[in-house]
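[1] sequence first, then the predicted structure:
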Amino acid sequence: MRYRLELDGRRLLAVQNVEADARAGSVLPRVDRDPNDPDREVTRCQVYCIKGGSLVLPEVTHINPVKFALETAAGLDVQYEFPSLRKRNKKPDDHRVEFELGKLVADAVRIIARATIEHQNGGMKAETKAECGEVFVELYKIWYASRFGSYDSERWLHEPYFAAMCTREPRMDFAAAAQCYGVWELNFRYPHAGEAQLKIAVSWVLDVLREMLIPFVPLERITKVLTQELITYAKEQAAGKGVTKH
């Protein structure tokens with residue numbers, strides 16, 4: 001079975017059984033003070049098992065503590081004979097997050113294009129700013145969870161978060177998956193556009209995200225920061241090559 005995390009709220013991470021598309025537990029990262037050194041912060045995680053109960057994991061140095069918590073939650077699901085399977089989705093989709101990412105990337109491309117056109121015609125509208133915040137917050141959530149990869153409980157192996165469209169191909173990180181599934185969704189929406197043009201459009205989204213994620217903006221500040229990033233990007237696009245309107 002494969003497991004990965006999904007951000008549920010600002011801090012709580014849901015542990016998902018990918019094949020069953022069902023929740024297997026939760027992880028709550030927390031920062032404590034080292035009792036032996038009050039000036040030193042220690043990152044620990046509290047793991048909640050779907051069967052009931054929770055445990056606070058000890059400090060680890062050999063692996064990211066959140067990855068360790070994901071591995072622990074997966075181990076508990078196996079140990080208790082997969083309680084997550086009893087809550088499985090009636091129509092499980094092990095590519096649900098991947099295709100959701102593709103749709104969000106395509107939506108973001110549309111918003112950036114619209115923002116650029118609006119900037120050329122007097123300024124970005126309030127509804128464009130609001131939609132920008134909604135879409136990029138969801139992209140941020142997927143990006144954040146993807147930082148901790150996925151865990152294969154059968155092979156005891158940590159791997160990248162996203163599956164490739166062809167299962168024989170290697171798993172992917174966020175940027176590669178955004179390109180792959182973003183282009184796929186854009187090609188579905190705009191079948192007459194060339195693939196090279198669609199890849200450039202996806203790069204707009206990754207550029208905006210990169211500017212936001214370099215300082216690692218907290219979730220509650222994303223809308224404000226992204227609005228400013230989008231305005232800046234729209235100005236740059238309007239001053240440069242511009243955006244082709246479909």
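    Thanks, I have the structure now.

[2] going by C-alpha atoms from here, please, whenever you check contacts or count neighbours.
    OK.

[3] elements contacting the lengthiest helix in the chain?
    With residue count as the measure and DSSP state H as the assignment, the chain has helix 96-120 as its longest helix. When contacts are defined as 3 or more C-alpha pairs under 8 Å, 6 or more residues apart in numbering; DSSP states H and E, helix 96-120 packs onto helix 126-146, helix 174-189, helix 195-213, helix 222-239.

[4] tell me the angle the third one makes with helix 174-189.
    Helix 195-213 runs at 140 degrees relative to helix 174-189, counting by axes from the mean of the first three to the mean of the last three C-alpha atoms, to 10 degrees.

[5] tell me which residues of stretch 195-202 come out buried.
    198-199, 201-202 (16 or more other C-alpha atoms under 10 Å).

[6] can you add pLDDT and give these back as a markdown table?
    Output for these, formatted as a markdown table (pLDDT from 0 to 100):
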| residue | pLDDT |
| --- | --- |
| Leu198 | 92 |
| Lys199 | 91 |
| Ala201 | 89 |
| Val202 | 92 |
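
[7] which one of those is nearest to Pro92?
    For Pro92, the closest of the buried residues of stretch 195-202 turns out to be Val202, at 27.8 Å, with distances computed as C-alpha to C-alpha.

[8] Asp39 sits in which helix or strand?
    The secondary structure element spanning Asp39 is strand 37-49 (assigned by DSSP states H and E).

[9] next structured bit after that strand?
    Stepping forward along the backbone from strand 37-49, the first helix or strand reached (DSSP H and E) is strand 54-56.

[10] burial count for the nearest residue to Glu19 once chain neighbours are set aside?
    The shortest distance from Glu19 to any non-neighbouring residue, by C-alpha to C-alpha, 6 or more residues apart in numbering, is to Asp94 (5.2 Å). Using other C-alpha atoms under 10 Å, Asp94 has 17 neighbouring residues.

[11] do the same with Glu134
    Other residues within reach of Glu134 by the criterion other C-alpha under 10 Å amount to 15.

[12] enumerate every residue touching Ala69.
    Neighbour list for Ala69: 27, 45-47, 57 [criterion: C-alpha atoms under 8 Å, 6 or more residues apart in numbering].

[13] kindly report the same for Ala164.
    Contact criterion C-alpha under 8 Å, 6+ apart gives 170-172, 177 as the residues in contact with Ala164.

[14] tell me the domain boundaries of the chain?
    Using automatic domain parsing, the domains assigned to the chain come out as 2-87, 96-239.

[15] redo the helices and strands packed on helix 96-120 as a markdown table? Include distance to Asp21.
    Formatted as a markdown table, those follow (distance: least, C-alpha to C-alpha, whole Å):
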| stretch | distance to Asp21 |
| --- | --- |
| helix 126-146 | 16 |
| helix 174-189 | 19 |
| helix 195-213 | 27 |
| helix 222-239 | 28 |
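
[16] which of those sits most buried?
    helix 174-189 (a mean of 20; mean count of other C-alpha atoms under 10 Å).

[17] and the most centrally placed residue in the chain, how close does it get to Tyr80?
    Central residue check for the chain by C-alpha atoms, centre = their mean: the C-alpha nearest the mean position is that of Ile142, 1.3 Å away. As judged by C-alpha to C-alpha, to the nearest Å, Ile142 and Tyr80 stand 28 Å apart.
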